[in-house]
Structure formats: C-alpha cells, structure tokens
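Asker: The sequence and its predicted three-dimensional model are supplied below.
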Amino acid sequence: MEVPNHLAVIIDGNRRWAKQRGMPAWFGHRQGAKNLDKFFDWCFDLGVPQVSAWVMSTENYNERSKEEISNLMKIFEDYLEDLLNKRSSILDKYEIRLRFVGDLDKLPPRLVKLMGKLMIKTAKYQKKLLNILINYGGYFELTEVMKKIAKKVIKAGRIELTRKDIEVNLLVPTPLDLIIRTGGRNRLSGFMPWQSAYAEIYTTNTLWPAFNKKELVKAIEWYNSSQRNFGK
C-alpha cells in the first residue's frame, strides 16, 4: 500500500460526539485531543513522512463562545504539557519535527511558550514532520504570503512574481496528497487552498473522537485506488 507523502486531517465532530452522549462540548474536545496521539502514531507507523492536523480554525477562535475557547485553550495546554514532559513521546519514537502553524500571536502566551519549547526540542529531528494548525485559516495564510511578497517587492523596487515566490512563503510549503475530513462535511472550509490544488479528498461520517486506525487505512486504500492526473 503506497502512503501519501503529505497527509492532512480536518478534525470535525467533537461537539456532535459529545452532544450524542449528553455531554458538554469541552468533553468532546478533550476526547478528540486524546485521539490525536493515536492518529499520529498510526500515520507514522504506516510510513507517512509528513502529517498536518487542523485542530482549530480562525473562524472557530473568533466566533465560538468565550467559555468554549477557554476550555479549548486549557485542553491544548494540557496536551502540549503532557507531550513536552513525557520521557519518551511519539515525537521521539519516530524522530518527528513538530511545527505549529497559524495566527499564533493571538493565542494565550502560556500556550505559545509551550509550542516554542516543543519546536526547539524537536528541531534536531529530520525523519518525519508534523504540522499542527491552530487558529489557522486559508485567508490568513494567503494574506501573510502577500505581505511577505509585498515587502520583498518594495525592497527590490520592481514587481517580479513567480509560482516559486508564493510557494516558499507558504506557512506549509509542501503540496498535499490526501486530505481526510471527519464528521461528514464535504468541504475544505478554506484549508490550505494552495497546497490542496491536486489533493485527493476523503470524507467520512465518523466523528473525530471515534475515528480509528481501520478508518485511516480505509482512507489510504481509497487514495491508492484514485487516479491522479495533475491536470494531464
């Protein structure tokens, strides 16, 4: 079974999973966080070189209630602290370099500090790459790209723009091969608009906390059966 070079997951369904069980939203988010480590383990055990997980969008961060966002931030903090303090974590097991991507300046300082420590700790690893997208949105990424290019254009004093200029300034520069979206929604919701140009998109009705390795293998098998023409 050929695995994708870059696999991404759009995490969806935590709140619905909790609602089905008569529990508050934060309960679903906490269960979803517990499933993250398992998912990463399955992916890297199967040999996927790069994984991207979209855990929270800019719209989530701006539009949801203060109570839910506060609970989410606490869940993220607990998750990252556990990851940082483990003597031997999944990051060490597979020699994974960890990156956090998004509008990080708007997140709580304590959370950003934990992210920084984890990125420094794993900077030595080169075998695998894990991108966690938090407070991320496609509009935000493309706006940041345009800002960087505009600065270079002003400095150079001439307008000269190529596809490569855009790609090297992306927050995640590697093209996507397979995108998995849980929760039954058939849309990208602005996820990596440039990188997803030729990605295969697999959707499942399974809510994220219930997503398992069997579902992952099923998605990769489906990916293997897809004919990728890249516009040819």
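Answerer: Alright, I've got the coordinates.

Asker: Do a quick rundown of the helices in this protein.
Answerer: Here the chain has its helices, by DSSP state H, at 14-20, 25-45, 58-63, 66-85, 90-94, 109-122, 138-156, 163-167, 213-225.

Asker: can you pull the contacts of the nearest residue to residue 161 once chain neighbours are set aside?
Answerer: Leaving out its chain neighbours, the residue that sits closest to residue 161 by Cβ to Cβ, 6 or more residues apart in numbering is residue 149, at 6.6 Å. Using the backbone N, CA and C atoms, a C-beta is placed for each residue, glycine as well. Contacts here follow Cβ atoms under 8 Å, 6 or more residues apart in numbering; on that basis residue 149 touches 161, 165-166, 169.

Asker: just those now: which is nearest residue 70?
Answerer: Distance to residue 70 across the contacts of residue 149 (Cβ to Cβ) is lowest for residue 169, with 32.9 Å.

Asker: before we move on, back to that, nearest to residue 188, of the helices of the chain?
Answerer: When the helices of the chain are compared by Cβ to Cβ, helix 138-156 sits nearest residue 188, at 7.9 Å.

Asker: Please compute how far the closest one lies from its chain's middle.
Answerer: In terms of Cα atoms, centre = their mean, to the nearest Å, the centre of helix 138-156 is found 22 Å from the chain centre.

Asker: what's the answer for stretch 14-29, then?
Answerer: That offset, for stretch 14-29, works out to 21 Å (Cα atoms, centre = their mean).

Asker: Endpoint to endpoint, that stretch covers what distance?
Answerer: Separation of the first and last residues of stretch 14-29 by Cα to Cα, to the nearest Å is 5 Å.

Asker: Give me the contact list for it.
Answerer: By Cβ under 8 Å, 6+ apart, the residues outside stretch 14-29 that reach it are 13, 31-32, 68, 71-72, 75, 183, 207-210.

Asker: Look up how far residue 79 lies from the residue most central in space within the chain.
Answerer: By Cα atoms, centre = their mean, the chain has its centre lying nearest to residue 53, at 2.2 Å. Here residue 53 is placed at a distance of 12 Å from residue 79 (Cβ to Cβ, to the nearest Å).
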